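Novice: let's see this in three dimensions:
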Amino acid sequence: MRSFQINRHHSETCGTEEGACEAAVVIVKLSIKFDLFDKAVEFIKDIIDETRAFEGCQKCEVAASKEESDIIIYEIWDTFDDQKKYVEWRTETGVFEEVLKFTDSEPRFFQYEHIGSY
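Specialist: Okay, here's the model as predicted:
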């Protein structure tokens, strides 16, 4: 399994004891049709590096539960606007529509302010 991580900060002190690293956390929950679970996981694996490379994306991690037939995507963005631009881009390119073919309900998006790593 390959690991990929980009560390970006807003300033030289961001993420250190001298400065808080403000960021936007978005958690996406996808409820997957049970018979399409394996295909959905492969599809997400195929596109996740593009997500990580999108401007403003600091981190993107994915977890899946075959038992629950869910995929959780944990994203950290410079701003919520950056994540919104990303979703718009995925919609314009048709990828969001492809993801919806795997789901049995609309994706759920949860937004949080990043308060630090411990």
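
Novice: shouldn't Thr91 be in contact with Glu98?
Specialist: No. Contact status for Thr91 versus Glu98: not in contact, 10.7 Å apart, counting by C-beta atoms under 8 Å. C-beta coordinates here come from the backbone N, C-alpha and C atoms, glycine included.

Novice: beyond the helix or strand encompassing Ala63, next helix or strand please.
Specialist: Assigned by DSSP states H and E, Ala63 belongs to strand 57-65. Heading C-terminal from strand 57-65, the first helix or strand you meet, by DSSP H and E, is strand 70-77.

Novice: for the spatially closest residue to Asp81 that is not a sequence neighbour, which residues are in contact?
Specialist: Residue nearest to Asp81 in three dimensions, not counting chain neighbours: Gly56, with 7.9 Å by C-beta to C-beta, 6 or more residues apart in numbering. Gly56 sits next to Trp77, Asp78, Thr79, Asp81, Asp82, Gln83, Lys85, Tyr86 when contact means C-beta atoms under 8 Å, 6 or more residues apart in numbering.

Novice: how close does the residue nearest in space to the middle of the chain sit to Pro107?
Specialist: When the chain is reduced to its mean C-alpha position, the closest residue under C-alpha atoms, centre = their mean turns out to be Glu75, at 3.8 Å. With distances taken as C-beta to C-beta, to the nearest Å, Glu75 is found 12 Å from Pro107.
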